[in-house]
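Asks: Pasted the sequence and its predicted model underneath.
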Amino acid sequence: MKWKLDKKTLTRIGLILILIAILPFSFEMVFLIDIGGVDFALTFLVMYLGAFYNTLLAKWDSFKRELFYFVSFIATL
């Protein structure tokens, strides 16, 4: 049996590894796997990680802006 390592397969393997890492801490994922299967749980995991990524970017931009204002304020003193 030959394994074909294309982008789709590597993405699935990566998401399954992330899912395995999250399972001991997230009972919701266990429930989603029980109800809808692994594909259902992976779909919700990807949606959650996308929302988390956007939130992280917004907080990072806010931090950079506040740091710039602070450095500008200190420079004017």
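Replies: Cool, got the structure.
Asks: Of all the residues in the host helix or strand of residue 72, which ones are buried?
Replies: Element membership of residue 72 [criterion: DSSP states H and E] is helix 38-76. Neighbour-count burial for helix 38-76 flags 41-42, 45 (criterion: 16 or more other CB atoms under 10 Å). For the C-beta atoms, the positions are set from N, CA and C on the backbone; glycine is no exception.
Asks: In CSV: those, plus distance to residue 12 and pLDDT.
Replies: Converted to CSV, those look like this (distance: CB to CB, whole Å; pLDDT from 0 to 100):
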residue, distance to residue 12, pLDDT
41, 13, 82
42, 8, 81
45, 12, 82
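Asks: what helix or strand is residue 19 on?
Replies: Using DSSP H and E, residue 19 falls in helix 7-22.
Asks: For that helix, which outside residues touch it?
Replies: 3, 29, 38, 41-42, 45-46, 49 (CB atoms under 8 Å, 6 or more residues apart in numbering).
Asks: Look at residue 55 and report its pLDDT.
Replies: Confidence at residue 55, expressed as pLDDT, is 94.
Asks: so what does the worst-scoring helix or strand of the chain on mean pLDDT touch, helix or strand wise?
Replies: Lowest by mean pLDDT, DSSP states H and E among the helices and strands of the chain is helix 27-36, with a mean of 82. Packing partners of helix 27-36 (3 or more CB pairs under 8 Å, 6 or more residues apart in numbering; DSSP states H and E): helix 38-76.
Asks: Fine by me, thanks again.
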